[in-house]
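Asker: Got a predicted structure here, sequence first:
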Amino acid sequence: LEGFQKRFPGVKWSEIHAAIGGTGSDLGVFRVGQDALAHKPDLLFVEFAVNDGGADPAQIHRAMEGIVRQTWAADPETDIIFVYTVSEPFLADLKAGKCSRSASAMEELADHYQIPSMHFGVEVQKRLEAGSLIFKGEAPAKDAKPDPAAPMLFSTDGVHPLTETGHVLYAETVARGFDELVKAPAATAAVPHALGEPLRADHWAAAKLVPLSESMLTGEWEKLDGGEKGDEIAKRFSKFLPQMWRTSEPGAALTLKFKGEVIGFFDVVGPDGGQLKVKVDGGGEKIVPRFDAYCVYHRLSKFQAGADLSKDAVHSVRVTLDSAGPDKRTVLFEKNRPDFDKNPEKFAPKVWNVGAVMLIGEVVE
């Protein structure tokens, strides 16, 4: 933000932090309206290249096109820039002069809609080849004296750039990108963006978040207070989940009918996470754990209950808290198991903390 202010001193800049770590465009498309467009941005950066790394390109197209079309339907004068960060698995493609599979899929959309893009990995790879950068390594001791001749350490985990090195490279890429963008003829005139024909007819432009209502809930549920003196988890995530419900009663259920094609839930996973039984229409029951190998802490998450449903039909979904649960110690990464052994009471509960329905369609009362 400081760089933009210096570059364009006559403009008052403000920043909307709408990123959620560890999530992809398949959640972003449902929350872009609430978390970004509701603030009426003039410029929207969209970055999901790393977290979409394992996604099917068709799914990337559906979600990313949904983000683009929602944005320009809300305000055709909002500019969009696609951004591609880099992680260790992407380095081989970069070395070969290629984008990763996820970035390549996004570039197809960028070409279709004439959206500019910035690839943060190009400069990283250039420095790797020159021997002036180490992509992944151990952080130096805090009291170690910096060696100006040593290669720059980009990250300690192969994904997240260090503030004083990797983030600086990323910021420099944005600065260079803007130098090029302001030279473009279109930069001299504010022309509304036309949606035109979609790249895919099955895009997710209708994706949205729907708040839970008491009529959807059976059994024992608690609506959590996300205020200053309220529940710690609800308070921590209130920016993205303005309301949150919790159940710890096996058999408590969330049930709703909807007319549409995609249904899912925006929730929180963590040490206390339980296990759900999910049933859509007359299909079989699916087990969905709300606990994974990272769950020594709480974080925002989501799961899809049904997709590619008949959009003109009325469907039903029922999600029930199971009395059984995952073997949490086994599920955790080995490095996280000492936390389990030291604090077993932290992992003992089996709850579901849920905030919203992810829906392409409409709720049927």
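Answerer: All right, it came through fine.

Asker: partners of the biggest strand by length in the chain in the sheet?
Answerer: Using DSSP state E to define each element, the chain has its longest strand at strand 253-269. Strand pairing for strand 253-269, determined by DSSP bridges: strand 217-218 (antiparallel), strand 299-306 (antiparallel), strand 314-321 (antiparallel), strand 352-364 (antiparallel).

Asker: To H17, which of those strands lies closest?
Answerer: strand 299-306 (13.5 Å; Cβ to Cβ). Bear in mind the C-beta positions are built from the backbone N, C-alpha and C, glycine included.

Asker: Show the average pLDDT along that closest one.
Answerer: Taken as a whole, strand 299-306 has an average pLDDT of 96.

Asker: Can I get the longest strand of the chain in PDB, CA atoms only?
Answerer: Coordinates of each C-alpha in strand 253-269 appear next as PDB, following Å, rounded to 0.1, in the frame of the first residue of the first chain:
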ATOM      1  CA  ALA A 253     -28.300 -32.000  12.200                       C
ATOM      2  CA  LEU A 254     -28.300 -29.200   9.600                       C
ATOM      3  CA  THR A 255     -31.000 -29.800   7.000                       C
ATOM      4  CA  LEU A 256     -32.200 -27.700   4.100                       C
ATOM      5  CA  LYS A 257     -33.800 -27.900   0.700                       C
ATOM      6  CA  PHE A 258     -32.500 -25.900  -2.300                       C
ATOM      7  CA  LYS A 259     -33.000 -25.600  -6.000                       C
ATOM      8  CA  GLY A 260     -29.600 -25.500  -7.600                       C
ATOM      9  CA  GLU A 261     -26.500 -27.300  -8.600                       C
ATOM     10  CA  VAL A 262     -23.800 -26.900  -5.900                       C
ATOM     11  CA  ILE A 263     -24.000 -27.100  -2.100                       C
ATOM     12  CA  GLY A 264     -21.300 -26.800   0.500                       C
ATOM     13  CA  PHE A 265     -20.400 -25.400   3.900                       C
ATOM     14  CA  PHE A 266     -18.000 -22.700   5.100                       C
ATOM     15  CA  ASP A 267     -16.700 -23.800   8.500                       C
ATOM     16  CA  VAL A 268     -13.800 -24.000  11.000                       C
ATOM     17  CA  VAL A 269     -11.600 -27.000  11.600                       C
END
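
Asker: what would the strands paired with strand 253-269 look like in a markdown table with mean neighbour count?
Answerer: What follows is the strands paired with strand 253-269, written out as a markdown table (neighbours: other Cβ atoms under 10 Å):
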| stretch | mean neighbour count |
| --- | --- |
| strand 217-218 | 17 |
| strand 299-306 | 19 |
| strand 314-321 | 20 |
| strand 352-364 | 22 |
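
Asker: returning to that earlier point: just the buried residues of the longest strand of the chain, please?
Answerer: 253-254, 256, 258-269 (16 or more other Cβ atoms under 10 Å).

Asker: Please apply the same query to stretch 334-350.
Answerer: So, applying 16+ other Cβ under 10 Å, buried residues of stretch 334-350: 336, 339-340, 347, 350.

Asker: And the helices in the protein, which stretches?
Answerer: Ranges of helices in the chain, per DSSP state H, are 2-7, 25-35, 57-74, 91-95, 101-113, 121-130, 166-181, 232-236, 328-331, 337-342, 344-347.

Asker: Give the other helices and strands that the last one contacts.
Answerer: Which is helix 344-347. On a contact count with 3 or more Cβ pairs under 8 Å, 6 or more residues apart in numbering; DSSP states H and E, helix 344-347 meets helix 337-342.

Asker: ok, residues contacting the helix it packs on?
Answerer: By Cβ atoms under 8 Å, 6 or more residues apart in numbering, the residues outside helix 337-342 that reach it are 296, 328-329, 332, 346-347.

Asker: try 7 Å
Answerer: With contacts defined as Cβ atoms under 7 Å, 6 or more residues apart in numbering, helix 337-342 is touched by 296, 328-329, 332, 347.

Asker: Buried among those residues? Make that a PyMOL selection.
Answerer: Buried residues among those (16+ other Cβ under 10 Å), as a PyMOL selection:
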select buried, resi 296+328+332+347
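
Asker: from the contacts of helix 337-342, which is closest to E220?
Answerer: After measuring those against E220 - Cβ to Cβ - the closest member comes out as F347, at 21.3 Å.

Asker: my guess is V357 meets V210, correct?
Answerer: Yes: the criterion here is Cβ atoms under 7 Å, and V357 meets it with V210 at 4.2 Å.

Asker: before we move on, back to that, now the helices of the chain as CSV including distance to L309?
Answerer: Listed next are these as CSV, based on distance: least, Cβ to Cβ, whole Å:
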stretch, distance to L309
helix 2-7, 43
helix 25-35, 16
helix 57-74, 14
helix 91-95, 35
helix 101-113, 24
helix 121-130, 37
helix 166-181, 39
helix 232-236, 31
helix 328-331, 30
helix 337-342, 38
helix 344-347, 35
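
Asker: Of the ones you listed, flag the one that's most buried.
Answerer: helix 25-35 (a mean of 24; mean count of other Cβ atoms under 10 Å).

Asker: Might you calculate how far it sits from the centre of the chain?
Answerer: Centroid displacement of helix 25-35 relative to its chain, using Cα atoms, centre = their mean, to the nearest Å, is 8 Å.

Asker: Near Q243, how many other residues are there?
Answerer: Counted by other Cβ atoms under 10 Å, the residues lying close to Q243 total 16.

Asker: sorry, back to before: just so I know, which of the helices of the chain lies nearest A205?
Answerer: Shortest distance between A205 and the helices of the chain, using Cβ to Cβ, is found for helix 57-74: 3.8 Å.
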